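> My questions are about this predicted structure, shown below with the sequence.
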Amino acid sequence: MQFLNLMSPIAEKVIALKNADLALRDRLLRSGALHDGYHPAMRAMHDRNAEILDDIIDRIGYPTVAKVGKAASAAAWLVIQHAVAQPAFIKKCAKLLAEAVENAEADPLQLAYLTDRIAVFSDRPQLYGTQFDWDAAGNMSPNAYDNAEKVNARRAALGLNTLAEQTDLMRERAKKEGGQPPSDAKERKAAYDVFRKDCGWIE
C-alpha cells in the first residue's frame, strides 16, 4: 500500500493523459472532424502523451496495477494503444506488457489488443480480430486475420465474444458516431501507406 501511495502522483499524471486524449476525441467527434483522417491535433496529442508515458516507464517500468492502480494502468494502455505514429514506443511497451502478463501482473486482453494493432500496422494478420476498418464494400470489418476459427478460439480464451458478434457491434458504433467509408478508398490507402512508411512501420 505504501508503494501505491508513492506512485499516486504518477497515477494521476497517467490518468490525466488518458482524459485529455478522450476529451479531444469527443470534441473532434462532435465537430465532425474525427473521421476525416488522422487529425493533426489528435496526432500531436498522441505523440506528446507517448513521450510523457515513455519517460514514466523508463523510471518505474511498465505501469502495472500493483505500481499505479487499476485506473492508471488501464489509462497507460490506452495511451500506448493510441500512439500509432510511434512504432518503437509501442513495440517497447508490448514487450514489457508481455512480460507483465507472463508474471500475472497485467491483463492478457490488453496485450491481445496491442499485439493486433502492431500486426495491422506492420501488414501482418491479426490474431484476435480486435482491429477494424472500412472494407472494400464500405462496411466496418475486422482487418486481415489469420484464421476465423483460430481467432474465435483465442477470443473465447480471453472471454471475448465471437468475431461476428464484435463486427455487428463495431458497425453499430460506427453508425452511431456518424462514421462513413472513405469517398476514395485508394487515395486513403495510399495516404495510410505513406504515414506508415514515414513512421517506420513498413519500408
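In hand now; what should we look at?

> quick one, phi/psi of the residue nearest to the spatial centre of the chain?
By CA atoms, centre = their mean, the chain has its centre lying nearest to Gln81, at 2.7 Å. Dihedral angles of Gln81 (phi, psi; degrees, to the nearest 10) stand at phi -60, psi -30.

> which other helices and strands contact the longest helix along the chain?
Once the chain is assigned using DSSP state H, the helix that runs over the most residues is helix 2-31. Secondary-structure packing of helix 2-31 (3 or more CB pairs under 8 Å, 6 or more residues apart in numbering; DSSP states H and E): helix 40-60, helix 65-68, helix 70-82. Glycine gets a C-beta too; all of them are placed from N, C-alpha and C.

> Please enumerate residues in contact with the last one?
Just to be clear, that refers to helix 70-82. Under the contact criterion CB atoms under 8 Å, 6 or more residues apart in numbering, helix 70-82 has outside partners 7, 10-12, 14-15, 17-19, 21, 46, 49-50, 53, 56, 62-65, 67-68, 89-90, 93, 97, 106-107, 110, 113-114, 117.

> Produce a ChimeraX select command limited to the buried residues of these.
Buried residues within the contacts of helix 70-82, by 16 or more other CB atoms under 10 Å, are selected in ChimeraX with:
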select :7,10,11,14,15,17,18,21,46,49,50,53,56,62,63,64,65,67,68,89,90,93,97,106,107,110,113,114,117
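
> Tell me where the model's unsure across this protein.
Where the chain drops to pLDDT under 70, the residues are 1-7.
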